[in-house]
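J.: 3D, please:
(one chain, ligands or ions: 2)
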Amino acid sequence: MSLPNPQLLKAWKHVLTLSKVKAGEAVTLLVSSNTNQDNQAAAYLAANELGATVTVVSLPQINTELSLSRDKTAYVGATALQNNKAALAALQNSDLVIDLMLLLFSPEQAKILESGARMLLAVEPPEVLMRILPSQDDKRRVLAAEHRLKRAKTMRIESAAGTALHCEIGGYPVISEYGFADEPGRWDHWPSGFLVTWPNEKTTNGTVVLDRGDIIFPFKDYLRSPIELDIANGYISDIRGGQDSDFLKSYMAYFKDPEVYAVSHLGWGLQPKAQWTALGMYNKEETIGQDGRAFYGNFLFSTGPNTEAGGNRNTPCHLDIPMRNCSVFLDDEPMTVHGEVIPEDQKAVA
Ligand SMILES: O=c1ccc(O)c[nH]1
Ligand SMILES: [Fe+2]
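T.: Ligands and ions are numbered 1, 2, ... in the order given. All right, here's what the predicted structure looks like:
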């Protein structure tokens with residue numbers, strides 16, 4: 001039995017306090033066989049010390065015979081919560097669900113949020129959680145960007161490598177992530193610090209050039225050679241390049257589902273504590289790679305499902321593709337230029 005880590009307990013109490021956990025609230029931990037035991041122990045102790053009534057719901061891992069990876073984000077949407085009315089009822093009747101299993105992109109996550117519960121996803125290793133500890137300043141920074149994104153009608157992304165992508169937006173909600181779940185019905189992810197939205201269906205056109213150093217999750221390699229994607233009416237219509245391109249084409253074809261080629265959420269990273277290099281320090285199975293999704297100034301491209309946004313494209317193949325050195329424009333106003341975030345005080349008045 002490993003001794004509870006006092007620093008980890010302090011970090012969990014910090015984040016649950018930011019998540020407004022109050023005495024007497026129902027806090028439910030959702031765990032699975034691959035849940036990090038130190039996180040589970042610290043979350044359980046922290047919630048109890050804040051006076052919550054704490055429950056643990058434990059479910060088996062599934063999809064093992066379908067997914068090509070043990071990474072929880074590699075096969076999304078189908079979870080052990082499906083058809084488990086007892087577990088779902090417990091989660092829907094909670095004030096805060098601490099998701100230590102990963103329900104992302106599942107219909108059940110939406111049902112839990114509709115009940116008014118707050119949800120906090122946390123599946124990274126303890127030291128990553130402690131290194132990217134969220135703050136009210138993260139919330140301020142991300143919400144300022146959310147405010148701008150919510151009133152935008154178009155998004156355009158360019159890069160020196162050759163990316164030239166354009167889409168209409170506004171038909172889907174903005175999902176911001178600042179690392180704690182402090183409002184009823186809010187879903188958030190610790191660690192994070194970025195925001196996304198989905199393009200209006202069939203309006204995304206152009207070229208995406210994935211350059212050396214860009215990352216494709218869940219492959220978790222830094223690209224060694226460029227991959228060129230043609231995008232037509234919201235779908236990848238062609239994939240060209242060298243070995244990395246062959247791997248991508250083969251992986252997506254495995255699912256035998258045309259919806260895997262759809263453009264999914266688009267956004268940019270706003271977490272200065274997240275590092276592009278962190279993924280390179282880990283074995284693939286030790287982390288889902290939130291540093292890559294959140295590092296300051298990335299453009300986060302992605303493919304596949306839109307169920308997070310209330311859509312019905314429920315394909316299990318979801319690729320998150322953080323790219324460096326891109327310029328992201330909203331209604332032609334720059335949010336990032338060549339991978340550098342434009343500070344709010346230099347932006348047009350909201
Ligand atoms: O925080 C996350 C993580 C994965 C993902 O697809 C979206 N947001
Ligand atoms: Fe994603």
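
J.: and the residue in the stretch 201-350 of the chain positioned nearest to ligand 1, how many neighbours does it have?
T.: Distance from ligand 1 to each residue of the stretch 201-350 of the chain (C-beta to the nearest ligand atom) is smallest for residue 320, at 5.0 Å. The way it works is simple: take the backbone N, C-alpha and C, and place the C-beta from them, glycine included. The number of residues packed near residue 320 is 22, by other C-beta atoms under 10 Å.

J.: do the helix or strand it falls within and ligand 2 meet at all?
T.: With the criterion set as DSSP states H and E, the secondary-structure element containing residue 320 is strand 319-323. Yes - in this structure, strand 319-323 sits against ligand 2 according to C-beta under 5 Å from the ion; the contacting residues are residue 320.

J.: Now do that strand: which elements does it pack against?
T.: Contact partners of strand 319-323 among helices and strands, from 3 or more C-beta pairs under 8 Å, 6 or more residues apart in numbering; DSSP states H and E: strand 205-210, strand 215-216, helix 290-294, strand 299-303.

J.: Write out the residues of the protein neighbouring ligand 1.
T.: Taking C-beta under 6 Å from any ligand atom, the part of the chain that reaches ligand 1 is made up of 73, 104, 177, 189, 192, 293, 318, 320.

J.: Report the distance from the lengthiest helix in the chain to the chain centre.
T.: In the chain, with assignment by DSSP state H, the single longest helix is helix 136-150. Centroid displacement of helix 136-150 relative to its chain, using C-alpha atoms, centre = their mean, to the nearest Å, is 16 Å.

J.: Below-threshold pLDDT in the stretch 101-250 of the chain: ranges please.
T.: By pLDDT under 70, the stretch 101-250 of the chain contains no weakly predicted segment.

J.: the helices in it, which residues?
T.: In order along the chain, the stretch 101-250 of the chain carries the following helices (DSSP state H, counting those that start in this stretch): 107-114, 126-131, 136-150, 243-254.

J.: Determine the set of other helices and strands touching the longest one.
T.: If I follow you right, that is helix 136-150. Helix 136-150 packs on strand 174-177, strand 194-197, strand 333-337, going by 3+ C-beta pairs under 8 Å, 6+ apart.

J.: could you dump those to CSV with mean neighbour count?
T.: Written out in CSV, the entries for the helices and strands packed on helix 136-150 read as follows (neighbours: other C-beta atoms under 10 Å):
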stretch, mean neighbour count
strand 174-177, 23
strand 194-197, 24
strand 333-337, 18
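
J.: For residue 301, find the nearest of these.
T.: The closest approach between residue 301 and any of those, judged by C-beta to C-beta, belongs to strand 194-197 at 10.0 Å.

J.: Give me the number of neighbouring residues for the spatially closest residue to residue 259 that is not a sequence neighbour.
T.: Using C-beta to C-beta, 6 or more residues apart in numbering and skipping residues adjacent in sequence, the residue nearest residue 259 is residue 315, 4.1 Å away. The number of residues packed around residue 315, counting by other C-beta under 10 Å, is 21.

J.: Shouldn't residue 315 be within a helix?
T.: No - counting by DSSP: H, G, I helix; E, B strand; the rest coil, residue 315 falls outside a helix, being coil.

J.: My guess is it contacts residue 262. True?
T.: Yes - using C-beta atoms under 8 Å, residue 315 makes contact with residue 262 at a distance of 7.5 Å.

J.: So for these two, which residues contact both of them?
T.: Among the neighbours of residue 315, those also in contact with residue 262 (C-beta atoms under 8 Å, 6 or more residues apart in numbering) are residue 304.

J.: sorry, back to before: please name the nearest non-neighbouring residue to the residue of the stretch 201-350 of the chain closest to ligand 1.
T.: Spatial nearest neighbour of residue 320, excluding adjacent residues (C-beta to C-beta, 6+ apart): residue 217 at 4.2 Å.

J.: can you check residue 66 too?
T.: Distances taken as C-beta to C-beta, 6+ apart put residue 75 closest to residue 66, at 5.9 Å, once the chain neighbours are dropped.

J.: What about the one you found, how many residues nearby?
T.: Close neighbours of residue 75, defined as other C-beta under 10 Å, add up to 22.

J.: now it: how far from residue 202?
T.: The spacing between residue 75 and residue 202, counted by C-beta to C-beta, to the nearest Å, is 26 Å.

J.: again with residue 32
T.: Residue 32 sits 37 Å away from residue 202, taking C-beta to C-beta as the criterion.

J.: give me the number of residues near residue 37?
T.: When counting by other C-beta under 10 Å, one arrives at 12 neighbours for residue 37.

J.: any idea of the pLDDT on it?
T.: According to the prediction, residue 37 has pLDDT 96.

J.: Now do the phi/psi pair for it.
T.: The phi and psi values for residue 37, taken as degrees, to the nearest 10, are phi -70, psi -30.

J.: Can you tell me which of the helices and strands packed on strand 319-323 is most buried?
T.: When neighbours are counted by mean count of other C-beta atoms under 10 Å, the highest per-stretch mean among the helices and strands packed on strand 319-323 falls to helix 290-294, a mean of 28.

J.: And the contacts of that helix?
T.: By C-beta under 8 Å, 6+ apart, the list of residues contacting helix 290-294 from outside reads 124, 128, 132, 177, 189, 191-194, 215, 217, 269-271, 274-276, 278-279, 298, 300, 320, 322.
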